[in-house]
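Undergrad: Predicted model and sequence follow; I will ask about them next.
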Amino acid sequence: MGAGNQGELAVQTPKDLLSNPTALLQTKYKEFEDGFKGWLAKQSLPVEAAVVTVTSAVQGAAIGGLMGTFNQDAASTFPAAPPPGASLNPQTMASFQQAQALAGGPLIQARNFAVMTGVNAGISCVMKRLKGKEDVQTSMVAAFGSGVMFSLVSGMGGPNPPANVITSGVFFALVQGGLFKVGEKFSKPPVEDVMYSETRSMLSKLGLESYEKNFKKGLLTDSTLPLLTDSALRDVRIPPGPRLVILDHVQRNKVVKGGGRRT
């Protein structure tokens with residue numbers, strides 16, 4: 001009987017995967033991603049930086065090319081050459097180059113985004129390996145480098161190229177630094193979670209993690225665990241079976257902490 005059940009499970013698994021190609025694709029991609037990251041972590045710093053830079057540049061080129069395709073109508077109406085006399089006016093020429101960079105077709109946008117994302121990822125990779133962590137300084141330095149290179153390759157240098165290149169780098173660094181801090185703030189667990197650490201641990205041991213939201217809804221924090229009653233758990237809509245398991249666990253802990261003996 002057991003062997004028959006095992007055979008049925010072995011047959012059902014491929015069927016389940018084939019019936020859900022999206023899940024299969026996600027599983028395969030996750031396996032490939034984990035394997036690639038594991039291999040990359042074992043490489044030397046120059047190899048890791050080069051691979052990360054190239055792969056990120058390819059991804060950036062794809063995004064830029066896609067965006068350039070959407071902007072192709074605007075790019076087709078944009079003059080290929082600057083207006084007469086623009087070369088004599090540095091400000092006019094700079095404005096033309098900036099507009100041309102932003103309204104460029106797929107190839108121009110693919111180049112711009114490839115440089116921007118590749119440089120950002122490469123610098124970030126090197127700094128993370130050297131510092132052993134990713135922080136706001138790492139993020140800002142990488143963004144500064146990508147901003148500088150984007151300004152150089154896109155022709156957005158302006159009438160004073162060195163100053164505008166630095167300005168672009170600083171702008172990129174400030175934006176990415178701000179985004180990093182915002183993301184860092186939202187990635188931290190809410191303060192209220194600290195009040196439910198023992199509750200979460202207890203429910204995890206009992207296999208009842210799904211009822212954590214019920215405890216939070218009723219404000220049954222860690223300090224209320226020794227006071228739990230059947231009616232309190234019923235009020236937060238926990239079914240009878242899980243209620244009995246939770247109360248039994250709490251009672252056992254009371255006996256152990258009190259040095260008594262359960263009869």
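TA: That came through, no problem.

Undergrad: Do you have the helices of the stretch 51-200 of the chain handy? List them.
TA: Counting by DSSP state H, counting those that start in this stretch, the stretch 51-200 of the chain has helices at residues 72-76, 90-102, 106-131, 136-154, 161-187, 197-206.

Undergrad: among those, which is nearest Gly218?
TA: Ranking these by proximity to Gly218 (C-beta to C-beta) places helix 197-206 first, at 11.0 Å. C-beta: built from backbone N, CA, C; applies to glycine.

Undergrad: Dump the closest one to PDB, keeping only the CA atoms.
TA: In PDB, the C-alpha atoms belonging to helix 197-206 read as follows (Å, rounded to 0.1, in the frame of the first residue of the first chain):
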ATOM      1  CA  SER A 197       8.000  37.500  19.200                       C
ATOM      2  CA  GLU A 198       7.200  34.900  21.900                       C
ATOM      3  CA  THR A 199       3.700  34.400  20.400                       C
ATOM      4  CA  ARG A 200       5.200  33.900  16.900                       C
ATOM      5  CA  SER A 201       7.600  31.400  18.300                       C
ATOM      6  CA  MET A 202       4.900  29.500  20.200                       C
ATOM      7  CA  LEU A 203       2.600  29.300  17.100                       C
ATOM      8  CA  SER A 204       5.500  28.200  14.900                       C
ATOM      9  CA  LYS A 205       6.300  25.300  17.300                       C
ATOM     10  CA  LEU A 206       2.600  24.300  17.300                       C
END
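
Undergrad: same for the helix or strand just after that helix, what does it pack against?
TA: Next along the chain after helix 197-206, taking DSSP states H and E as the criterion, comes helix 212-217. Applying 3 or more C-beta pairs under 8 Å, 6 or more residues apart in numbering; DSSP states H and E, one finds that helix 212-217 contacts helix 197-206.

Undergrad: ok, and what's touching the helix it packs on?
TA: Outside helix 197-206, the residues within contact range by C-beta atoms under 8 Å, 6 or more residues apart in numbering are 193, 209, 211-212, 215, 220-222, 225, 242, 245-246, 249-250.

Undergrad: Return the item of those residues having minimum pLDDT.
TA: When the contacts of helix 197-206 are compared by pLDDT, Asp193 scores lowest at 72.

Undergrad: How much space separates that one from Ala121?
TA: Asp193 is 32 Å from Ala121, where distance means C-beta to C-beta, to the nearest Å.

Undergrad: again, but for Gly145
TA: Noted for Gly145: a distance of 10 Å to Ala121, by C-beta to C-beta.

Undergrad: Dump the contacts of helix 197-206 into a markdown table; add neighbour count and distance to Ser187 as well.
TA: What follows is the contacts of helix 197-206, written out as a markdown table (neighbours: other C-beta atoms under 10 Å; distance: C-beta to C-beta, whole Å):
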| residue | neighbour count | distance to Ser187 |
| --- | --- | --- |
| Asp193 | 12 | 13 |
| Glu209 | 11 | 21 |
| Tyr211 | 19 | 25 |
| Glu212 | 16 | 19 |
| Phe215 | 26 | 23 |
| Leu220 | 21 | 26 |
| Thr221 | 16 | 23 |
| Asp222 | 16 | 23 |
| Leu225 | 18 | 28 |
| Pro242 | 17 | 31 |
| Val245 | 15 | 33 |
| Ile246 | 22 | 31 |
| His249 | 17 | 32 |
| Val250 | 15 | 33 |
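
Undergrad: and which of the residues you listed is nearest to Pro46?
TA: Asp193 (41.3 Å).

Undergrad: ok, that closest one - contacts?
TA: So Asp193 contacts Arg200 (C-beta under 8 Å, 6+ apart).

Undergrad: Can you report how many residues neighbour the nearest residue to Leu45 once chain neighbours are set aside?
TA: Counting by C-beta to C-beta, 6 or more residues apart in numbering, Arg129 is the residue found nearest to Leu45 once chain neighbours are left out, at 5.3 Å. Other residues near Arg129 number 14, with proximity taken as other C-beta atoms under 10 Å.

Undergrad: pretty sure Leu225 is in contact with Val250, am I right?
TA: Yes. Between Leu225 and Val250 there is a contact at 5.9 Å, judged by C-beta atoms under 8 Å.
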